[in-house]
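> Give me the fold of what follows.
(one chain, ligands or ions: 2)
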Amino acid sequence: MTAKPTFWHGILRESIPWFPTVSQDKCIGCELCFVTCGRGVYEVRDHKAHPDRPYDCMVGCTTCANICPTQAITFPDRQLVQKIEREHKILAIVRQEAAAKHTKLEAEKARAQAEDAVAAATTRMAFHIAGEFGEKRFLVKLEALIKDRPFDVVNLKLEVPTLKGALEKTPSHMAFEVTSTDQQDVTAFLADVRQLLRDNQLVLVNEARL
Ligand code: SF4
Ligand code: SF4
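Ligands and ions are numbered 1, 2, ... in the order given. Got it, this is the predicted structure:
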């Protein structure tokens, strides 16, 4: 399969003679260039580096030459790149590319901020309360609180130690979770739930964000 042509700021990459040349005499096969190059330009055979994919080299990069311990790697004079830049008038294309990059970065920043806001939002909160529930019709009031609002009460558990005790107003325990039905922040609604607990003289044993 023929490799898809690549371009450097609008110029066919294979028309730009910028790539490393390795002196096989000087190369000691340390493989530093092989592990360093993020473009995968090099292969190592018989303890020698070979730039098998020269046109994958980033135009203008000289990293591998800079780090080669035996100075086995050379590149064309950098003025070659500057000459190509002038001849092909690439700055107009670069301006468009820069604008696109700014837009992309801004979109990524906005998405990260939105994700942070979602992560910071409290969408589910667990309550553990104690008190006397029967006569106060607490569940009916809780139900009224969520009616026609984008919230729900889930995993509700009522623990009554003894039925006779409950009739004699022995405190019972209740656990439930307040959640948003559409992933909204429930913080404002939680204030109403806490107020309901206070109005009914119920003891908030614990509350925890989930
Ligand atoms: S860094 Fe230099 S010496 Fe080491 S393998 Fe690459 S070309 Fe050879
Ligand atoms: S100059 Fe940079 S991109 Fe090119 S082969 Fe070396 S390390 Fe890779």
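> can you give me the helices for this structure?
All helices of the chain, identified by DSSP state H, fall at 32-36, 63-67, 79-87, 91-120, 138-146, 163-167, 187-199.
> Can you tell me which residues in this protein are near ligand 1?
22, 27-33, 49, 68-70, 72-73 (Cβ under 6 Å from any ligand atom). Every C-beta, even on glycine, is put in place using the N, C-alpha and C of the backbone.
> Of all the helices of the chain, which one is nearest Cys57?
Minimum separation from Cys57 across those (Cβ to Cβ) falls at helix 63-67, 8.6 Å.
> in the chain, which residue is closest to the centre?
For the chain, the residue nearest the mean C-alpha position is Ala112 (6.8 Å; Cα atoms, centre = their mean).
> in this protein, which segments are predicted with low confidence?
Residues of the chain meeting the criterion pLDDT under 70: 1-2, 135, 165-169.
> and it, which of its residues are near ligand 2?
Residues of the chain lying near ligand 2 (Cβ under 6 Å from any ligand atom): 20, 36-37, 39, 41, 57-58, 61-64.
> Ligand 1: which of the residues you listed is nearest?
For those, the minimum distance to ligand 1 (Cβ to the nearest ligand atom) is 6.3 Å, reached by Cys64.
> nearest residue to that closest one other than its sequence neighbours?
Computed as Cβ to Cβ, 6 or more residues apart in numbering, the closest residue to Cys64 that is not its neighbour in sequence is Cys33, at 4.0 Å.
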